[in-house]
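**Q** model the structure of this input:
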Amino acid sequence: MDNLKTCPNCKRMVDENATFCPNCGASLAPAGQQQGDQYQAPPQESNQRQWQAPGMQPGPRDASPEGMIREAAQMRGSTDEVLNELWAFIPLISVILVIAVSGSLYLVTTDPVVSSGISLGIAFVAQILIVILIYKLFNRNNLHNRREMMLRAAIVDLMKKNAAEKGISQAIASQVQTMESINYESRSYEPERSAALWAILPIIPVVGWIFGLIALYYLTSYPPGHDRRWHAFTQQTQYAGSQLGMNLMLPSWRSLPERSFIIYFILTIVTLGIFMIYWYYVLIKDMNEHYRSQWQFEDQLLREIQ
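**A** Below you'll find the model as predicted:
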């Protein structure tokens, strides 16, 4: 009994060196060392919290869970780019442009050097449009990943903080542990890929098409897995939040459908490339839907922490 002390909140006996009660989460630090909250953010989250989205003004930051959630929500405009689905027609427009210009040149000039030079110039412009599209797809995935990583960590911290204040940390321990596991899994399975690199590699002569297929594989496999993990995370957030008196409802329980890279690749070959339009269309549409659904959940969360 000499090495134990009583938790002032739940009256359980705990180790005398403990700073937080393992039963209820209440702070056991001496009065002079206690802070306003009975919660301290895990030190391992500090590095990711230094990231700010491009275009945001640097300055003093509210490092509380509520402050980080608000900041993550404010980043939407610079990280979650909702692309127009018409971007999916870029490959088709590029091909039509090359064919149309090349055909017109033969009617205008008989100089093969001039016509070939102009055709190559148009083909280069068409290729640049595709490079821009691939860059946009990779870049928005990267920026959104960073924002969501910060958001998930802030939500976990919020649940821990509120549970500690209410003395019910054990009641939501299972949900919080699952949320942390999902957050860790997301970092492992969703590595950041250089948007500039994967946009340029497909235009390398001879071997570029191989890199183009790899880029399409990454872009195709990312949305459903990412959305599935976010849904699992928000479900646990809803369960934990309900025990903390928070009214959080998922906009939809339906996650994004799986897209088969192999089937899409075969269909692209069979249709002589026409299916590529639909392929790019779903790559754009799926992430657009993910953003909109996530924003609805974030808006509910923001109302709860006002």
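
**Q** from here on, just use CA atoms for contacts and neighbour counts.
**A** Fine.

**Q** now the helices for this protein?
**A** For the chain, applying DSSP state H gives helices covering 65-74, 76-79, 90-108, 112-166, 173-189, 195-200, 208-243, 261-270, 275-304.

**Q** could you pull out the buried residues of the first one?
**A** Of the residues in helix 65-74, Pro65, Glu66, Met68, Ile69, Arg70, Glu71, Ala72, Ala73 count as buried by neighbour count, 16 or more other CA atoms under 10 Å.

**Q** which other helices and strands does that helix contact?
**A** helix 112-166, helix 275-304 (3 or more CA pairs under 8 Å, 6 or more residues apart in numbering; DSSP states H and E).

**Q** now swap in the shortest one and tell me
**A** Other elements packing on helix 76-79 under the criterion 3+ CA pairs under 8 Å, 6+ apart are helix 112-166.

**Q** just to revisit the earlier point, would you turn the helices of the chain into CSV with distance to Ser252?
**A** Below are the helices of the chain laid out as CSV (distance: least, CA to CA, whole Å):
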stretch, distance to Ser252
helix 65-74, 19
helix 76-79, 20
helix 90-108, 31
helix 112-166, 18
helix 173-189, 19
helix 195-200, 30
helix 208-243, 9
helix 261-270, 25
helix 275-304, 8
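
**Q** how close does Leu143 get to Ser188?
**A** 16 Å (CA to CA, to the nearest Å).

**Q** who's more crowded, the two?
**A** More crowded of Leu143 and Ser188, by other CA atoms under 10 Å: Leu143, with 21 against 9.

**Q** so the more buried one makes contact with Asp80?
**A** Yes - counting by CA atoms under 8 Å, Asp80 is a contact partner of Leu143 at 7.2 Å.

**Q** what does stretch 222-238 rub up against?
**A** 155, 175-176, 178-179, 182-183, 186, 190, 247-250, 253, 255-259, 283, 286-287, 290 (CA atoms under 8 Å, 6 or more residues apart in numbering).

**Q** show me which of these are buried.
**A** Buried, going by 16+ other CA under 10 Å: 155, 175-176, 179, 182-183, 186, 248-250, 255-256, 259, 283, 286-287, 290, out of these.

**Q** just say which of the helices and strands packed on helix 65-74 is most tucked in.
**A** helix 112-166 (a mean of 19; mean count of other CA atoms under 10 Å).
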